[in-house]
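Peer 1: any chance you can model this:
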Amino acid sequence: MATEGDVVISKPELRDFVIRCVTAVGADPEHAVDLAELLITADYRGHYSHGLNRLEMYCSELRSGVCRGGAGTPEIVRQTVATALVEGHNLMGPVVGKFAVDLAIQKAKEAGIGMVTVRGSNHFGIAGWYALRAMEHGLIGMSFTNTSPILNPTRSKDQVLGTNPICMAAPGKDGDSFVLDMATSSVALGKVEIQERRKLPLPHGWAVDADGKETYDPEKVKGLLPLGGTEESSGYKGYGLSMMVDVLTGILSGALFGPHIRFWKGASRVANLGHCFIVFDPKAFTDDFEDRMSELMDYCRHLEPVEGSDKPVLVPGDKARKHMELCDKLGGIPYHPKQVDFMNDMAKMFNLTPIKTMS
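Peer 2: Residues are numbered from 1 along each chain as shown. From the prediction side, this is the model:
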């Protein structure tokens with residue numbers, strides 16, 4: 001949510017800024033549009049770790065050539081009426097992911113369900129962007145990706161798996177929705193980066209240092225704890241979920257997986273990440289899914305909060321909805337001043353005009 005001192009930037013300005021940056025380092029203009037839409041959606045929904053915060057990474061990989069920036073399209077390698085395997089040809093993750101989830105949507109409309117796995121891709125941003133594309137068609141969308149090793153399996157000193165996110169988006173009635181979009185680590189790496197940029201300590205249960213011990217200093221972070229934290233607080237469940245995602249994305253598709261994926265920072269080789277998209281039509285199972293979905297969500301929302309709390313019970317997607325309402329009221333997306341400074345440092349690096357702010 002916005003805080004005092006935040007700077008507001010309009011969506012059109014953000015879109016233009018992203019396109020100018022990535023085309024300056026060789027991205028195809030059409031591909032740049034896909035990336036801009038994804039990054040802005042992330043910030044609009046309040047997922048700042050995966051919005052403009054990630055622009056430098058995309059530009060760096062395009063500039064170095066480890067990610068293919070020129071024109072090209074993903075390729076369907078094999079398919080059935082309800083499944084497909086897609087080769088991303090090392091294009092930007094949002095370009096590959098959009099192609100694959102749209103294929104899954106098409107199959108779900110024809111067969112009731114579509115499942116598409118992907119190999120040869122790159123970082124694809126927030127998993128929610130893809131599941132939401134399915135939900136816009138009245139379908140239930142699920143999206144998964146593996147990522148660079150950053151997560152310490154329970155009892156391990158080393159990083160083996162990625163943050164490996166899971167997302168499911170399901171429609172309710174009257175525009176309501178359930179949108180679960182989460183990492184299988186305790187937190188996304190981008191949130192650690194934002195804490196470091198803001199010179200703030202880390203909360204309990206986020207990260208570990210080089211010795212595998214929990215740390216609260218962003219500058220000492222070597223790896224992330226799995227969802228749940230330490231073994232004592234059931235972190236092994238997050239570890240299991242992270243591995244499950246790698247089965248669906250890396251192993252099933254023929255992409256790299258686990259320790260075979262390059263490390264996150266200073267990438268000098270191709271990522272070859274794997275994704276998985278599962279889309280299905282709720283009407284293949286029931287005629288009143290949206291009504292029943294809303295009934296459950298509204299029941300949870302009207303539960304009595306614990307004593308001493310003035311915060312209501314939420315369901316997945318509510319916080320994002322509130323942030324979008326705030327952005328609409330402001331006429332743009334609010335950013336911490338240091339994040340704006342970061343954007344303008346990029347503009348200076350590429351000899352571009354600084355981003356224009358509204359406040």
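Peer 1: ranges for the helices of this protein?
Peer 2: 11-24, 29-44, 55-64, 93-111, 128-135, 189-197, 235-246, 252-253, 289-301, 318-330, 337-349 (DSSP state H).
Peer 1: and those: which comes nearest Phe144?
Peer 2: helix 235-246 (4.9 Å; CB to CB). For every residue, glycine as well, the C-beta is placed using N, CA and C.
Peer 1: using PDB, list the CA coordinates for the closest one.
Peer 2: Taking C-alpha atoms only, helix 235-246 is exported to PDB below (Å, rounded to 0.1, in the frame of the first residue of the first chain):
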ATOM      1  CA  GLY A 235       9.400 -25.400   6.400                       C
ATOM      2  CA  TYR A 236       9.700 -28.900   5.000                       C
ATOM      3  CA  LYS A 237       6.200 -28.400   3.500                       C
ATOM      4  CA  GLY A 238       7.400 -25.400   1.500                       C
ATOM      5  CA  TYR A 239      10.400 -27.500   0.400                       C
ATOM      6  CA  GLY A 240       8.100 -30.200  -0.800                       C
ATOM      7  CA  LEU A 241       6.000 -27.700  -2.700                       C
ATOM      8  CA  SER A 242       9.000 -26.200  -4.400                       C
ATOM      9  CA  MET A 243      10.100 -29.600  -5.600                       C
ATOM     10  CA  MET A 244       6.600 -30.400  -6.800                       C
ATOM     11  CA  VAL A 245       6.700 -27.300  -9.000                       C
ATOM     12  CA  ASP A 246      10.100 -28.400 -10.400                       C
END
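Peer 1: hmm, who's touching the lowest-mean-pLDDT helix or strand in the chain?
Peer 2: Sorting the helices and strands of the chain by mean pLDDT, DSSP states H and E puts helix 189-197 at the bottom, at a mean of 83. Outside helix 189-197, the residues that touch it by CB atoms under 8 Å, 6 or more residues apart in numbering are 48-50, 53-54, 150, 163, 201-202, 206-207, 218-219, 221, 224, 264, 336, 338-339, 342.
Peer 1: Gly88 against Thr117, yeah?
Peer 2: No - in this structure Gly88 lies outside contact range of Thr117 using CB atoms under 8 Å: 10.9 Å.
Peer 1: which one of those two is surrounded by more residues?
Peer 2: Between Gly88 and Thr117, counted using other CB atoms under 10 Å, the more crowded position is Gly88 (30 against 25).
Peer 1: the more buried one and Pro354, how far apart?
Peer 2: Distance of Gly88 to Pro354, given as CB to CB, to the nearest Å: 33 Å.
Peer 1: put the buried members of the contacts of helix 189-197 into a ChimeraX selection.
Peer 2: To isolate the buried members of the contacts of helix 189-197 in ChimeraX, using 16 or more other CB atoms under 10 Å:
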select :48,49,50,53,54,150,163,202,206,207,218,221,224,264,336,339,342
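Peer 1: for stretch 111-124, buried residues please.
Peer 2: For stretch 111-124, the neighbour count (16+ other CB under 10 Å) marks 112-124 as buried.
Peer 1: so for it, mean pLDDT?
Peer 2: Taken as a whole, stretch 111-124 has an average pLDDT of 98.
Peer 1: export that stretch as PDB, just CAs?
Peer 2: The C-alpha coordinates for stretch 111-124 follow below in PDB (Å, rounded to 0.1, in the frame of the first residue of the first chain):
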ATOM      1  CA  ALA A 111     -11.500 -30.000 -24.600                       C
ATOM      2  CA  GLY A 112     -12.500 -28.700 -21.200                       C
ATOM      3  CA  ILE A 113      -8.900 -28.700 -20.000                       C
ATOM      4  CA  GLY A 114      -5.600 -27.700 -21.400                       C
ATOM      5  CA  MET A 115      -2.100 -28.400 -20.000                       C
ATOM      6  CA  VAL A 116       1.000 -26.900 -21.600                       C
ATOM      7  CA  THR A 117       4.600 -27.300 -20.400                       C
ATOM      8  CA  VAL A 118       7.400 -25.100 -21.600                       C
ATOM      9  CA  ARG A 119      11.200 -25.500 -21.900                       C
ATOM     10  CA  GLY A 120      13.800 -23.000 -23.200                       C
ATOM     11  CA  SER A 121      12.300 -20.000 -21.400                       C
ATOM     12  CA  ASN A 122      13.500 -17.300 -19.000                       C
ATOM     13  CA  HIS A 123      12.200 -15.400 -15.900                       C
ATOM     14  CA  PHE A 124       8.400 -15.000 -16.500                       C
END
